[in-house]
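**Q** Using only what follows, build the 3D model:
(chains A and B)
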2 protein chains.
Amino acid sequence: MLQSAKRIVLASRPYGVPTKENFREETLELAGLAEGEVLVESLYVSVDPYMRGRMNDTKSYVPPYAIDDAIAGGVIARVIESRAQALTAGDIVLAGYGWQTHAIVKATHVQKIEQGNVPLSAFLGAVGMTGLTAYFGLLSLGKPKAGETVVVSGAAGAVGSIVGQIANIVGARVVGVAGSDAKCQWLREIGFDEAVNYKHANFREQLALATPNGVDVYFDNVGGDVSDAVLRRINHGARIPVCGQIATYNETAPVYQTPIQGLLLINSATMTGFIVSDFRDQFAKGISELSSWVESGQIQYEETIVQGFENTVEAFLMLFQGGNTGKLLVKVKE
Amino acid sequence: MLQSAKRIVLASRPYGVPTKENFREETLELAGLAEGEVLVESLYVSVDPYMRGRMNDTKSYVPPYAIDDAIAGGVIARVIESRAQALTAGDIVLAGYGWQTHAIVKATHVQKIEQGNVPLSAFLGAVGMTGLTAYFGLLSLGKPKAGETVVVSGAAGAVGSIVGQIANIVGARVVGVAGSDAKCQWLREIGFDEAVNYKHANFREQLALATPNGVDVYFDNVGGDVSDAVLRRINHGARIPVCGQIATYNETAPVYQTPIQGLLLINSATMTGFIVSDFRDQFAKGISELSSWVESGQIQYEETIVQGFENTVEAFLMLFQGGNTGKLLVKVKE
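**A** Prediction:
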């Protein structure tokens, strides 16, 4: 059989904030299956901040996207046809081929999903890479103890909102930083002790009021001025997992004025960059624990689902407008 | 009995590089001993870069020095008179009262020195706080493995030269960064695999040649441009103990342009500030191991001994002129 697929490729490298013109939709015909391969149709595709980094031609977590190549990323897909023993038509899998409606992939390159009572879309979010990022960054690097103060930036984002809820589960005082009063309101509803809007003129004073005992763990999703404010309140022995720096991804010149080394030095503090794949050998444990927290309602999540593959680029651009709450993904097919 | 003592106090807070005018010598009369106290005479007093930080009226490791108060710091002293059971006249002790010729101290506030075959001055250096700083910063935070590349800045300094030799003992490739060709030459003589002079115009290229496999551990004593160059060469999973930032201590405005969080993020690297007292509960082990390395000649050290208490301030100011090799201390009495 021959299957026609649509995919989105990088047409040119963005300079600063990406625009539609940096992308191009293409149609391709998928050839027949080789032994060990499956044909899948995408149900949900993920759009994530880290993708912006891969659009630059510079060293990052992973190699940059090539011009004229597809935007790789997480996908929930259904097997249509299989020439692999481990999978049969109808199976749901997690794949990494990205912004594409159909694909032929090796069965060994996808992971079969055992859905349980967890909504399918959650496997791209709260119990997928997003949740695992929050889980390992907070617990393995941040190491919060009951009664300590945990501050999360980008707190209403996909990772940040889960970080705060896990910190809550371990008994820490959790303060979120977000970019609107509505987001702050939502954070309090899902269990954050305090939430502070960084767009308020007196943000630094509000942050100080919300962290009367200083900051023991700062889970940094954003960098820039928000991080400057939080880092100046860290306690002796503070831990700072650095998960993202979205405030700076679109910067074309360095803007840092924070004396990072000096602040770490006077506080005997530790700052650690990470990517979720650093913890690959512990994923099973993380997925299991996150699933149980989602099922029990201890972890709530919001997701913004954009309908239709043709709106994928638009969905991605939303990430840089601060418009979404929670995990952003695109529904391709029922 | 009444003992007259000279001491040096902070007359005014330095702005930028300290000058003689920031200090004042005073004479005071020491009253009699209370139960549990000893009268000591200083043999060696220590002058250290960290003292500059304490001269600012800002939060640091430890409280700032008060105006008109003595400059506290490490001292090797001899007991002259004792009203404490643990000590008798003639005992040698390590104390912390600083730039002062004589002092009355509680016996519980000093540590008796078991000299062995180690020169007395080494207890303010290679087997004292300096050596312990190198030992714990490198081994507990840097965690170098055999075959990895360790870069040390301020490598010809008191801490840096010991860091490099310990890294050598554990089998790492050691590259030192220092400020003169003579210092670099000395570093190669004491076992550094490479040494690079940061004052050369092509410093960054030389650093790249000296670290063909990147940098796994960066022991940072200096900050500023040298650190910028090294941090841009770190490998995945690099560890960066931050021990000092002398390049910036005299800066009156922030100069950082290095995207620290971004570099940690893309390399899953860890940067940790520390002060030797964080490891206080393991000092005995560190002193014992350092002593044996000094006795066996595996750790060599240089020291610059300035003669005479009246030259203490001048000795301190030498730290900011890059003139000394190794630990700088003042000999007060034979």
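**Q** Might you enumerate the residues of chain A proximal to chain B?
**A** A:53, A:59-61, A:220, A:223, A:227, A:242-245, A:248, A:254, A:256-275, A:278 (CB under 8 Å from any CB of the partner chain). C-beta here means a position set from N, CA and C on the backbone, and glycine is covered the same way.
**Q** out of these, which are buried?
**A** A:53, A:60-61, A:220, A:223, A:227, A:242-245, A:248, A:256, A:258-275, A:278 (16 or more other CB atoms under 10 Å in any protein chain shown).
**Q** Of those, which belong to helices?
**A** When those are checked against helices (DSSP state H), the matches are A:53, A:227, A:248, A:260-267.
**Q** min pLDDT across the residues you listed, which one?
**A** Lowest pLDDT among those: A:T248, with 63.
**Q** all helices of chain A, in order?
**A** A:50-54, A:129-136, A:158-169, A:181-189, A:203-210, A:224-231, A:246-249, A:260-267, A:283-296, A:312-318.
**Q** Out of those helices, which gets the lowest mean score?
**A** Among the helices of chain A, helix A:246-249 scores lowest, with a mean of 64.
**Q** quick one, what contacts A:F309?
**A** Shown in contact with A:F309 (CB atoms under 8 Å, 6 or more residues apart in numbering or on different chains): A:6, A:42, A:45, A:99, A:101, A:330, A:332.
**Q** the bottom helix or strand of chain A by mean pLDDT?
**A** Lowest mean confidence among the helices and strands of chain A (mean pLDDT, DSSP states H and E): helix A:246-249, at a mean of 64.
**Q** quick one: contacts for A:L264?
**A** A:L264 touches A:270-271, B:242, B:271-273, counting by CB under 8 Å, 6+ apart.
**Q** so which of the helices of chain A gets nearest B:P119?
**A** B:P119 lies closest to helix A:260-267 among the helices of chain A, at 30.1 Å (CB to CB).
**Q** if we can go back for a sec, pick the one among the contacts of A:L264 closest to A:I71.
**A** Nearest member of those to A:I71, counting by CB to CB, is A:M271, at 29.8 Å.
**Q** any idea how far A:I92 is from the closest one?
**A** Computed with CB to CB, to the nearest Å, the distance linking A:M271 and A:I92 is 38 Å.
**Q** and what of A:T19?
**A** When A:T19 is compared with A:I92 (using CB to CB), they lie 34 Å apart.
**Q** Among the two, which residue is more densely surrounded?
**A** The neighbour count for A:T19 versus A:I92, taken as other CB atoms under 10 Å in any protein chain shown, is higher for A:I92 (18 against 12).
**Q** show me the contacts for the more buried one.
**A** A:43, A:76-79, A:112-113, A:115, A:120.
**Q** Reformat those into a markdown table and put neighbour count and pLDDT next to each item.
**A** Shown next, in a markdown table, are the contacts of A:I92 (neighbours: other CB atoms under 10 Å in any protein chain shown; pLDDT from 0 to 100):
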| residue | neighbour count | pLDDT |
| --- | --- | --- |
| A:L43 | 20 | 97 |
| A:I76 | 25 | 95 |
| A:A77 | 28 | 97 |
| A:R78 | 16 | 97 |
| A:V79 | 21 | 97 |
| A:K112 | 12 | 88 |
| A:I113 | 18 | 86 |
| A:Q115 | 11 | 84 |
| A:L120 | 14 | 91 |
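**Q** Put together CSV for those residues, with distance to A:N202 on each row.
**A** Formatted as CSV, the contacts of A:I92 follow (distance: CB to CB, whole Å):
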residue, distance to A:N202
A:L43, 45
A:I76, 43
A:A77, 48
A:R78, 50
A:V79, 54
A:K112, 51
A:I113, 46
A:Q115, 46
A:L120, 43
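**Q** For the most centrally placed residue in chain A, give its distance to A:A107.
**A** Taking CA atoms, centre = their mean, the centroid of chain A lies closest to A:T130, which sits 4.4 Å from it. From A:T130 over to A:A107 the distance is 25 Å, taken as CB to CB.
**Q** can you tell me which residues contact A:N221?
**A** A:N221 neighbours (CB under 8 Å, 6+ apart): A:152-155, A:157, A:159-160, A:243-244, A:246.
**Q** Restricted to strands, list those.
**A** The strands, defined by DSSP state E, take in A:152-153 from the contacts of A:N221.
**Q** buried residues in stretch A:32-39?
**A** A:33, A:37-39.
**Q** Dump those residues to a markdown table, plus pLDDT.
**A** Output for the buried residues of stretch A:32-39, formatted as a markdown table (pLDDT from 0 to 100):
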| residue | pLDDT |
| --- | --- |
| A:L33 | 93 |
| A:E37 | 96 |
| A:V38 | 97 |
| A:L39 | 96 |
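**Q** show me where the stretch 1-150 of chain A has strands.
**A** Assigned by DSSP state E, counting those that start in this stretch, the strands in the stretch 1-150 of chain A fall at A:3-10, A:23-30, A:37-46, A:75-82, A:92-95, A:102-106, A:111-112, A:149-153.
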